[in-house]
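>>> below are the sequence and a predicted model for it; my questions follow.
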Amino acid sequence: KAGVTQTPRYLIKTRGQQVTLSCSPISGHRSVSWYQQTPGQGLQFLFEYFSETQRNKGNFPGRFSGRQFSNSRSEMNVSTLELGDSALYLCASSLGLATVVGNEQYFGPGTRLTVT
Amino acid sequence: SQKIEQNSEALNIQEGKTATLTCNYTNYSPAYLQWYRQDPGRGPVFLLLIRENEKEKRKERLKVTFDTTLKQSLFHITASQPADSATYLCALRELGGNKLVFGAGTILRVKS
């Protein structure tokens, strides 16, 4: 079974621009969660989508948004990029709700975003 | 304030020994706690989950304990191997909470 895929793997953007990252979950998985990982703050939860609805959200500003499509694929968007948004963005998929239930999550390789 | 603390210094052990990693939390009431492994340049890999009403879980060479009185979880790898070298992360969801909170991770190095 194919794992979680994320595109693109690397991205360089300029401050003020916006970016869209894509995540394809494992076939049959309905939950997709997004995380930001930086050396200073570690791994931080952004949000979780299940059946096209955002179910849980972390403490990030409204510039960070996402959506999930009917085939469970998910996109994450960051608008008005800031230097501090430079990070590894990871998505993870699970069969059922991950955050509330604690279902096993399978992480993708991440998208490395650099904001200059 | 709330915090999750893992050994900030790397843990260096000899092959064949048991590695013990610590996760301490403050001002949380966890519904469950998870342990992950992360290799450089890769996403974390889920290892074990332990719920608030459980004391111990095992999976092959891995064992996790959960002490809600001490507010601590211990993660053990028995008969460690150089291939176990990685960063190990603990994460928890608080009772009634809606997000997973991660510790900073501990680097484990197993030397042959």
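Okay, I see it.
>>> next, the distance between the ends of stretch B:73-85.
This stretch, stretch B:73-85, spans 20 Å end to end (Cα to Cα, to the nearest Å).
>>> quick one: that stretch to chain centroid distance?
Going by Cα atoms, centre = their mean, to the nearest Å, the spacing between the C-alpha centre of stretch B:73-85 and its chain's C-alpha centre is 10 Å.
>>> that stretch and chain A, any residue contact?
No. Judged by Cβ under 8 Å from any Cβ of the partner chain, stretch B:73-85 and chain A are separated, with a smallest distance of 13.8 Å. The way it works is simple: take the backbone N, C-alpha and C, and place the C-beta from them, glycine included.
>>> excluding its backbone neighbours, what's nearest B:P30?
Spatial nearest neighbour of B:P30, excluding adjacent residues (Cβ to Cβ, 6 or more residues apart in numbering or on different chains): B:L92 at 4.2 Å.
>>> for that neighbour, what are its contacts?
B:I4, B:Y25, B:Y28, B:P30, B:A31, B:Y32, B:L33, B:Q34, B:L100, B:V101 (Cβ atoms under 8 Å, 6 or more residues apart in numbering or on different chains).
>>> and it, that's in a strand?
Yes. The assignment for B:L92 by DSSP: H, G, I helix; E, B strand; the rest coil puts it in a strand.
>>> so which of the contacts of B:L92 belong to helices?
Judged by DSSP state H, the subset of the contacts of B:L92 located in helices is empty.
>>> closest to A:K1 out of those residues?
Of all those, the one with the least separation from A:K1 (Cβ to Cβ) is B:Q34, at 21.7 Å.
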